[in-house]
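Asker: Provide a 3D model corresponding to the input given below.
(one chain, ligands or ions: 2)
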Amino acid sequence: MQIYHVPWIYTPVRTVLAIWHQLTKPEIPGLTKCSVVMRERSRVEETIHAMQREGAGSLQVISDFDMTLTRFAHNGKRVPTTHNILDNRLLISEECTKKMRELLNTYYPIEIDPRRTAEEKLPHMVEWWTKVHKLLIQQRIRKDMLARAVKESSAMLRGGYKVFFDRLAEQQVPLLIFSAGVGDVLEEVIRQNLVFHPNVHIISNYMDFDQTGVLTAFKGQLIHTYNKREGALSHAAGLTELQGRPNVLLLGDSLGDLTMADGVSGHKNILTIGFLNDQVEERKDSYINSFDIVLVTDETMDVPNAILRYITSSRDNK
Ligand code: C5P
Ligand code: MG
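Answerer: Residues are numbered from 1 along each chain as shown. Ligands and ions are numbered 1, 2, ... in the order given. Okay, the predicted model is just below:
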């Protein structure tokens, strides 16, 4: 407990102590960027300081993929999600594109609706993902065409992504990418951007192909935006690379992403960063109440990079 929070301490003394504390604490870079909104700045700073004291060896990063590591928009145009990258004539018919768009127009507004709870959204998400996966299976997508589809797409990681991935690899900090997108496509995006380093682990919806390389099913339990907690408990909790790392930096763009760290046992400090990409005014309050740091329409990794550099800086100084 900090002494200036004790209620009976004389107010001027508390003020002086608070100013002294502020002056002696090192400034955390990145938090001054204009896209940053925080509910409780002092708690964020305390968490980052605590994480910095324990260094890179105690840290793990858990991140969503679509619209978190990838951009939401570029030059006024939406950047495709891993599902939408599959919208290529090499893989699917025009008819299938049309049906997928109709489903997107029906279900995406539900996914981001600030007036509905996660429980209310859940059955709709299962319906959306199930229908889309069924359509994709009907298309008999070929595994050997995926790389070309990614190359031809306008998929784009956030500005500063290379610094983010490279820094984590250098510092041997595990990065768990936890995505409700399509794992095979996700892997190809990071491979083509030359950041699929050995410290990267992925939990996602993976395609199952037959011996001739044709898509026949999706493997394992379906992951959608609002059931990441189940995946965290059944998959992430078992990853040995993440054991013994009690400090978590979590990145997401959906409130459902907040459950991605639920499988971390014995956690000490969790810092959550939320990208608020769409329906900003309608969703701002709920994001500020849920994430420690909210980045409003910020298409870069500047803030996570600055925080990471700060947390892992002790190792550099040794
Ligand atoms: O990686 P992440 O968990 O964000 O991937 C899920 C995202 O993919 C969702 O936010 C959703 O809007 C999007 N999606 C899509 N097309 C689908 C299903 C989901 O663009 N058919
Ligand atoms: Mg996302």
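
Asker: how about the residues of the stretch 1-150 of the chain by ligand 2?
Answerer: Taking Cβ under 5 Å from the ion, the part of the stretch 1-150 of the chain that reaches ligand 2 is made up of Asp64, Asp66, Met67, Thr68. Any C-beta I mention is one placed from the backbone N, CA and C, and that applies to glycine too.

Asker: same deal with the stretch 151-300 of the chain?
Answerer: In this structure, the stretch 151-300 of the chain approaches ligand 2 at residues Asp253, judged by Cβ under 5 Å from the ion.

Asker: tell me where the stretch 151-300 of the chain has helices.
Answerer: Taking DSSP state H, counting those that start in this stretch to define them, one finds helices in the stretch 151-300 of the chain at 161-170, 183-192, 228-234, 280-290.

Asker: out of these, nearest to Tyr108?
Answerer: Taking Cβ to Cβ as the measure, these were each checked against Tyr108, and helix 280-290 came out nearest at 13.5 Å.

Asker: now do the closest one: distance to the chain's middle.
Answerer: With Cα atoms, centre = their mean, to the nearest Å as the basis, the distance from the averaged C-alpha position of helix 280-290 to the chain average is 17 Å.

Asker: who does that helix touch, helix- and strand-wise?
Answerer: When contacts are defined as 3 or more Cβ pairs under 8 Å, 6 or more residues apart in numbering; DSSP states H and E, helix 280-290 packs onto strand 36-38, strand 269-276, strand 293-296.

Asker: buried sites along it?
Answerer: Neighbour-count burial for helix 280-290, counted by 16 or more other Cβ atoms under 10 Å, picks out Arg283, Tyr287, Ile288, Ser290.

Asker: could you give the angle of it to strand 269-276?
Answerer: Following axes from the mean of the first three to the mean of the last three Cα atoms, to 10 degrees, one obtains 180 degrees for the angle between helix 280-290 and strand 269-276.

Asker: on that earlier part again, closest one to Val36 among the helices of the stretch 151-300 of the chain?
Answerer: For these, proximity to Val36 was assessed by Cβ to Cβ; helix 280-290 is nearest, at 11.0 Å.

Asker: could you see whether ligand 1 lies near that closest one?
Answerer: No. Judged by Cβ under 6 Å from any ligand atom, helix 280-290 and ligand 1 are separated, with a smallest distance of 13.2 Å.

Asker: just the pLDDT for the closest residue to Ala217 other than its chain neighbours.
Answerer: Nearest residue to Ala217 in three dimensions, chain neighbours excluded: Asp208, at 4.3 Å (Cβ to Cβ, 6 or more residues apart in numbering). Model confidence at Asp208, expressed as pLDDT, equals 98.

Asker: and Asp208, how many residues sit next to it?
Answerer: Counted by other Cβ atoms under 10 Å, the residues lying close to Asp208 total 12.

Asker: and what of Arg101?
Answerer: Neighbours of Arg101 under the rule other Cβ under 10 Å: 12.
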